[in-house]
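J.: Task: produce atomic coordinates for the following.
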Amino acid sequence: IKDTLPILLGVEKGNVGMERAILTISTMAIILPISMQRDMADLAKTSKISIVFQCLMVLSVVVFSPVSESIEEHGGLKQIALDSNIKGETIFIGLGILSFAFVCQHGAFIVAGSLERPTNERWATTTFSALSLCVILEMACGLAGYLAFLDDTEGDILNNFLDLPGSDMQRAANVARGLLCTTMFFVYPMDSFVCRHVLMVLLFRGRRAHEGDDASVFSRRDRRVALTLIVYLSSLIPALFTDDVGPVLAVAGTIGASCVAYIGPGLIYMAVYGEEFLQKVDEIWGPSVGENNGKQPSSGPDIESSRLLADKTTSESKHSTSMVHQLVSSITWYLFLMPIWCSIANIGKKELTQFQEKEALKSPHVSRIGKCMPQERQIELKRPRGSSIGGAEDGLVRQGSLPNFGPKVLPYGAMSGGNKAIGAAILAKKKTNNNEANQKSPEEEAADVDVPPTWYDFCVAIFFIVFGMVALCAGMVSFVMTN
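T.: The predicted structure follows:
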């Protein structure tokens, strides 16, 4: 906004005072009021406008970039490809910036919770459509920009149009700047919502906020205004004193994208499905790590020693060929860094169990997103004959809303378990009281069933962690060396 809006208003480049004034006034007038909204769903209209404007902006860049002239001047596409070299010293910086453009994991749960019917199928459709559109726009803008300006391509490609002759070219560039500036006004509040949500969970420990129900949490105007202002000022003040967004994007892409797009999701997946991972490890390497069963995870050497002792005990009862199996098992155990992944899974299993026990003691609240159980495994809360909850015959509870240590159904509909049983009954009542607009169709219910994780899923998670660590370290080294 600081680079784009002053040019549209006719401010000469380099007038720092006017640029800062325009940035402050425009963001206070547009961004701040939008960011004060309570729920992510309130940004539906501005998000649609932003998507349309982004498509029009990329179309303007593709149409008005002097691609054909540049290709002809440099001897054709083949010659450009031969003359183009991959710069090893900046490749990881570029990878970080590119990854940062596709980072959306930080807002995934809040956006999913804002869906009218948040099912796995609907969320998969949403993510696939959004990311596919992003790939198309990114490739179109990147190819057109590079082929038109080659090594002179700037971080903000619209700045390259300043040196192009012709009134039509300048007019198209200004239109694209206006579209980009408007898009930035509408995009910032979405990231502001995510940051505000994280602050709410960390500062106030709100359960509703943790589950994405920001609308009810931020019904208190003072809390909403205070956190929104903190987030806004923490973004505005650095922007006022920053003139080049290149280093900012490099650092944010290297650190932010590596952690949010790769390392974070991989670690979370390994932790959430820690029990399943340990079971699969036991099937291949034998019972060792999985026996902790939620207890304090042992240190690396202890885990390895228990596994080796188990293998040694087993080998004594077998013929000599088991020694080969033991050797291969030991090599693959260390080669695949299994002590690290099993430690992560053990910690995640323990923390998840403690979290579920802690949440079960609180006042029940239906989570809009959770693991769904197959039809045959759903829990049915029986009631005395002739009675009903919310006018419905049956109350079905999500797996994520009712833990495994839930109430025991006794004869005549009585339930034991104290607060847990009461919580389950309230959950059933809330579920049966949903209006028809929020009712899922049989097709959606069938699709909204969690699929057990496979080795492929865990391998992808591990690859994300390793790749993110390499990209983070290499990117920071590259950034320091080039600056």
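J.: Break down the stretch 51-200 of the chain into its strands, ranges please.
T.: Remark: no strands are assigned in the stretch 51-200 of the chain by DSSP state E, counting those that start in this stretch.
J.: In contact with the residue lying closest to I465 once chain neighbours are set aside, which residues are there?
T.: Leaving aside its chain neighbours, I465 sits nearest to G266 (3.8 Å; criterion: C-beta to C-beta, 6 or more residues apart in numbering). C-betas here are computed from N, CA, C, even on glycine. Contacts were defined as C-beta atoms under 8 Å, 6 or more residues apart in numbering; by that measure G266 touches V460, A461, I462, F463, F464, I465, G468.
J.: residues near the residue nearest to R196 when sequence neighbours are not counted, how many?
T.: Nearest non-adjacent residue to R196, counting by C-beta to C-beta, 6+ apart: L227, 4.9 Å away. Number of residues near L227 (other C-beta atoms under 10 Å) recorded here: 21.
J.: Correct me if wrong, but L227 is in a helix.
T.: Yes: judged by DSSP: H, G, I helix; E, B strand; the rest coil, L227 forms part of a helix.
J.: pLDDT at it, what is it?
T.: pLDDT for L227: 89.
J.: Verify the stated contact: it with L202.
T.: No: at 10.6 Å, L227 does not count as touching L202 under the criterion of C-beta atoms under 8 Å.
J.: Can you say which helix or strand has W333 in it?
T.: Using DSSP states H and E, W333 sits in helix 321-335.
J.: doesn't P66 make contact with A172?
T.: No: look at A172 against P66 with C-beta under 8 Å: they stay out of range, at 11.6 Å.
J.: what comes up buried for the helix ranked longest in the chain?
T.: Ranked by residue count under DSSP state H, the longest helix found in the chain is helix 167-204. The neighbour-count check on helix 167-204 (16 or more other C-beta atoms under 10 Å) flags 169, 172-174, 176-190, 192-197, 199-200 as buried.
J.: What mean pLDDT does the helix or strand where I268 lies get?
T.: Assigned by DSSP H and E, I268 belongs to helix 264-272. The average pLDDT within helix 264-272 is 92.
J.: same question, stretch 107-115
T.: 77.
J.: so how far is that stretch from its chain's centroid?
T.: 10 Å (C-alpha atoms, centre = their mean, to the nearest Å).
J.: quick one: low-confidence parts of the stretch 151-300 of the chain?
T.: 205-219, 287-300 (pLDDT under 70).
J.: check contacts around Y262.
T.: Contacts of Y262 by C-beta under 8 Å, 6+ apart are S99, F464, I465, F467, G468, A471.
J.: Can you tell me, leaving aside adjacent residues, what's nearest to C134?
T.: F102 is the one closest to C134 (C-beta to C-beta, 6+ apart), at 6.1 Å.
J.: distance of the one you found from L115?
T.: Shown here: F102 relative to L115, a distance of 20 Å by C-beta to C-beta, to the nearest Å.
J.: What distance do you get for the residue nearest to I465 to K87?
T.: In terms of C-beta to C-beta, G266 sits 28 Å off from K87.
J.: number of nearby residues for G142?
T.: Neighbours of G142 (other C-beta under 10 Å): 16.
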